[in-house]
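Trainee: Here is a sequence together with a model predicted from it:
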Amino acid sequence: MRELVILLFLFGIPAIIAYAIWRVYSLTISHKARLRRLEELRSSGAITAAEYEQQRASIISGV
């Protein structure tokens, strides 16, 4: 939040838009990485299919 206030003070509306785009992009990458890791766990047998589905639904609902 502090970054947003500084950006607004220094650059105005374009900075807010750039910040919002960056946040969405970083969250998307994070979700993709989490899904990829979850798939690895399922493939290796570290988690069951039911656990995989539950965690996958949790990650996707957070998008």
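Mentor: That came in fine, so what should we check first? What you are looking at is a predicted structure, and each value in this text was computed from that prediction instead of being measured.
Trainee: Number of residues surrounding Leu38?
Mentor: Residues contacting Leu38 under the criterion other C-beta atoms under 10 Å number 19. C-beta coordinates here come from the backbone N, C-alpha and C atoms, glycine included.
Trainee: mind checking the SS state of it?
Mentor: At Leu38 the chain is in helix, as set by DSSP: H, G, I helix; E, B strand; the rest coil.
Trainee: Okay, Gln54 and Ile60: tell me how far apart.
Mentor: The gap separating Gln54 from Ile60 is 11 Å, by C-beta to C-beta, to the nearest Å.
Trainee: low pLDDT regions in the protein?
Mentor: Along the chain, the model assigns pLDDT under 70 to residues 1, 7, 63.
Trainee: Name the residue closest to the centre of the protein, please.
Mentor: Nearest to the geometric centre of the chain sits Leu27, at 2.6 Å (C-alpha atoms, centre = their mean).
Trainee: Report the secondary structure element holding that residue.
Mentor: Element membership for Leu27, per DSSP states H and E: helix 13-44.
Trainee: If we go by neighbour counts, what in that helix is buried?
Mentor: 15, 34, 38, 42 (16 or more other C-beta atoms under 10 Å).
Trainee: Tell me the helices and strands packed up against that helix.
Mentor: Under the contact criterion of 3 or more C-beta pairs under 8 Å, 6 or more residues apart in numbering; DSSP states H and E, the helices and strands touching helix 13-44 comprise helix 2-11, helix 49-61.
Trainee: Trp22: which of those is closest?
Mentor: Using C-beta to C-beta as the criterion, the shortest distance between Trp22 and the helices and strands packed on helix 13-44 is 9.9 Å, found for helix 2-11.
Trainee: returning to that earlier point: quick check: the residue nearest to the centre of the chain vs Ile21, distance?
Mentor: Taken as C-beta to C-beta, the span from Leu27 to Ile21 is 11 Å.
Trainee: ok, now Arg56?
Mentor: Taking C-beta to C-beta as the criterion, Arg56 is separated from Ile21 by 26 Å.
Trainee: Arg47 contacts Gln54, doesn't it?
Mentor: Small correction: residue 47 is Ile, not Arg. No. Counting by C-beta atoms under 8 Å, Ile47 stays clear of Gln54, with 9.2 Å between them.
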